[in-house]
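Asks: Model the structure of this input:
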Amino acid sequence: MPRFLSREWIEHLNASLSSMTIDEGEPQPLVIQHLIDHPDGTQIAFRVYTGPQGSAALEGFDPNASIIYRLSYEVAKGIADGERDAHEEFLLNRLTFSGDPSSLLTHKATLKKMQDCISRTARAAEGGNP
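Replies: Numbering: from 1, shown residues only. Next comes the predicted model:
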């Protein structure tokens, strides 16, 4: 399995998300942009999409994303591995966001499924059981 947040990892996440069923009651597409600051000084940008056509993970930046998360590689890895709590990281200002947070409330069930896909992909990247 590829390294966490590498191009190949995002492709594996995309495969996992594309097989995910979405709830019919969610009204509009949701795009969550992730901007992750790597210790080597680079920034990793990828986004997850869910909507009527299904769900996907894509590399790059979408300026029209519903919400944009920004965090460090260490925090992102900890959240994905289940070792850190996203709410706590937000309260400690180690995870920041811009955009429309109310869009997250209308997609709660799908967000839970997406987080499960991200966690499985992250565990598999470290050689664990997906």
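
Asks: For the rest of this, base every contact and every neighbour count on C-alpha atoms.
Replies: OK.

Asks: Give the buried residues for the least confident helix or strand in the chain by mean pLDDT.
Replies: Taking mean pLDDT, DSSP states H and E as the measure, the chain has helix 108-125 as its least confident helix or strand, at a mean of 81. Within helix 108-125, the residues scored as buried using 16 or more other C-alpha atoms under 10 Å are 110-111, 114, 116-125.

Asks: So, low pLDDT: which residues of the protein?
Replies: 1, 22-27, 126-130 (pLDDT under 70).

Asks: same thing but at 80, please
Replies: Applying pLDDT under 80 to the chain flags residues 1, 20-28, 52-53, 122-130.

Asks: any chance you could map the strands in it?
Replies: Here the chain has its strands, by DSSP state E, at 30-37, 43-51, 54-59, 67-72, 95-99.

Asks: if I look at the residue nearest to the spatial centre of the chain, how far off is residue 91?
Replies: In the chain, the residue lying closest to the centroid (C-alpha atoms, centre = their mean) is residue 48, at 5.9 Å. Applying C-alpha to C-alpha, to the nearest Å, the value for residue 48 to residue 91 is 23 Å.

Asks: Same question for residue 19.
Replies: 33 Å.

Asks: what do you get for residue 117?
Replies: 24 Å.

Asks: before we move on, back to that, pretty sure the residue nearest to the centre of the chain sits against residue 56.
Replies: Yes: using C-alpha atoms under 8 Å, residue 48 makes contact with residue 56 at a distance of 5.7 Å.

Asks: Excluding chain neighbours, give the residue nearest to residue 34 in space.
Replies: Nearest residue to residue 34, sequence neighbours excluded (C-alpha to C-alpha, 6 or more residues apart in numbering): residue 69, at 4.9 Å.
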